[in-house]
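# need the 3D shape of this:
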Amino acid sequence: MAKDLRPAEDLSLEELEALLTRKRLERRQARLEKFRQSGRALAVSPDPIPASALRAAEPFPGVSGEGEGHGEPTPRRRRGRGALSQALLIVEVGAVLGLALVLFSGMGVLRTLNQEVAEALAGPTPTATPLITAVVLPSGHTPPTSPGGAAPNEAEIPANLRPLVQSLSQVPLPTPGPEQARAMFIPALWNDPAPVVQGDGWDQLKKGVGQHAGTANPGQKGNLVVSAHNDIFGELFRHLDQLKPGDEVLISTATRQWEYRVTGVQIVEPTDVSVMAPTERPTLTMVSCYPYLVDNQRIVVFAELTGG
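Numbers count the residues shown, from 1 in each chain. Model (predicted):
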């Protein structure tokens, strides 16, 4: 019969009582055997031992009253170990979920910081403005019938701004590129196209229509500003007052031709440079002196790009 190898502290009260009963029986049998060997005891039939005591004295499987080792774990111990394992598993799962939450939150904070840094480095969104701010509208001159003949009209420039105008006249003009205006044709007024040059100073307008430096190129978003004389150097813009809404204006570059349609005509003072302001859509503004042979005002014709 296998010995009960469990430690005594793991035994129940009933099991301990049975173990003590068995021990007492074993010691009694040992003393009787010793007495027989020494002749101090007679060989008689031993008193019968109650069946209940024998059953109680039987060793329990896996239990050792002498603490000689450890047998199979009891169901109670197995239940304790199972509960501990479940608790450890819950702690490990909680730690993994917490780490994942920290990593996810850190990534969100990092994205926010990167976006804020990028916005700070980018600065405010730039707005389109002319490279050169005009003091008076271009093409101003004295009439050819005046005593001194036709000449740049400095009298229409405010005295305190004349040094600024002179300094701006010294700014070098950009070299024409393939996307800048090269020719212009107004079917309602002309039979042939007119050349377009960069700049609208006195010398440039002797050669044809001048594009104001810094304004939009044909077809691009913004205000393309051009000017020409009305009573000298070919009188290219003499009949701008005859244009009406819907009339066609064709502007050619080195690569293609753009079509604009007239939207309105306005007479303004030479200092009303607001008509040259940038626009959010592709527009064309044509400027010339007015009236014919008087030249103390400006005629301005507005047009917008069609289709593209």
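# and W258, what pLDDT?
At W258, the pLDDT value in this model is 97.
# show me where pLDDT drops low in this structure?
Within the chain, the stretches with pLDDT under 70 are 1-9, 39-80, 122-133, 164-171, 308.
# all strands of it, in order?
Assigned by DSSP state E, the chain shows strands spanning 183-185, 194-198, 209-211, 222-227, 248-252, 257-268, 282-290, 297-305.
# and the second one, what's buried?
By that I understand strand 194-198. A194, V196, V197, Q198 (16 or more other Cβ atoms under 10 Å). Where C-beta positions appear, they are placed from N, C-alpha and C, glycine not excepted.
# over to the fifth one?
By neighbour count, and taking 16+ other Cβ under 10 Å as the criterion, the buried residues in strand 248-252 are V249, I251, S252.
# now swap in the longest one and tell me
Within strand 257-268, the residues that qualify as buried are W258, Y260, V262, V265, V268, counting by 16+ other Cβ under 10 Å.
# that one pairs with which strands?
strand 248-252 (antiparallel), strand 297-305 (antiparallel) (DSSP bridges).
# who's in contact with that strand?
Residues from elsewhere that reach strand 257-268 (Cβ atoms under 8 Å, 6 or more residues apart in numbering): 137, 218-219, 240-241, 243-252, 275, 283-284, 290, 297-308.
# can I get that strand as CSV, trimmed to CA atoms?
C-alpha atoms of strand 257-268 as CSV (Å, rounded to 0.1, in the frame of the first residue of the first chain):
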residue,chain,number,x,y,z
GLN,A,257,-3.5,82.6,-77.3
TRP,A,258,-5.9,83.7,-74.5
GLU,A,259,-9.3,85.2,-75.0
TYR,A,260,-10.8,87.9,-72.7
ARG,A,261,-14.2,89.5,-72.8
VAL,A,262,-14.9,93.2,-71.9
THR,A,263,-17.0,93.6,-68.8
GLY,A,264,-17.0,97.4,-68.3
VAL,A,265,-15.5,100.8,-69.0
GLN,A,266,-14.7,103.6,-66.5
ILE,A,267,-13.2,107.1,-66.5
VAL,A,268,-10.9,107.8,-63.4
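# R28: how many residues sit nearby?
12 (other Cβ atoms under 10 Å).
# same question for S227.
25.
# OK, contacts around it?
L137, P138, S139, D200, L205, V209, G210, H212, F237, M286, V287, S288.
# now those as a markdown table including neighbour count and distance to A30?
Formatted as a markdown table, the contacts of S227 follow (neighbours: other Cβ atoms under 10 Å; distance: Cβ to Cβ, whole Å):
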| residue | neighbour count | distance to A30 |
| --- | --- | --- |
| L137 | 28 | 136 |
| P138 | 25 | 135 |
| S139 | 30 | 140 |
| D200 | 23 | 135 |
| L205 | 24 | 140 |
| V209 | 27 | 137 |
| G210 | 28 | 135 |
| H212 | 23 | 130 |
| F237 | 26 | 141 |
| M286 | 25 | 135 |
| V287 | 28 | 136 |
| S288 | 29 | 141 |
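# any chance of a markdown table for those, columns distance to L173?
Converted to a markdown table, those look like this (distance: Cβ to Cβ, whole Å):
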| residue | distance to L173 |
| --- | --- |
| L137 | 18 |
| P138 | 13 |
| S139 | 16 |
| D200 | 10 |
| L205 | 13 |
| V209 | 14 |
| G210 | 10 |
| H212 | 11 |
| F237 | 20 |
| M286 | 20 |
| V287 | 18 |
| S288 | 20 |
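# nearest to R27, of the residues you listed?
H212 (127.2 Å; Cβ to Cβ).
# can I assume the closest one is in contact with P138?
Yes. Between H212 and P138 there is a contact under Cβ atoms under 8 Å: 6.2 Å.
# ok, back up a step: turn the strands paired with strand 257-268 into JSON lines, including distance to E33.
JSON lines is the format used below for the strands paired with strand 257-268 (distance: least, Cβ to Cβ, whole Å):
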{"stretch": "strand 248-252", "distance to E33": "134"}
{"stretch": "strand 297-305", "distance to E33": "128"}
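# so which of those is nearest D231?
Per Cβ to Cβ, nearest to D231 of the strands paired with strand 257-268: strand 297-305, 12.1 Å.
# for the protein, which segments count as helices?
13-38, 51-57, 75-122, 162-169 (DSSP state H).
# in CSV: the ones you listed, plus distance to V226.
Below are the helices of the chain laid out as CSV (distance: least, Cβ to Cβ, whole Å):
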stretch, distance to V226
helix 13-38, 114
helix 51-57, 123
helix 75-122, 34
helix 162-169, 18
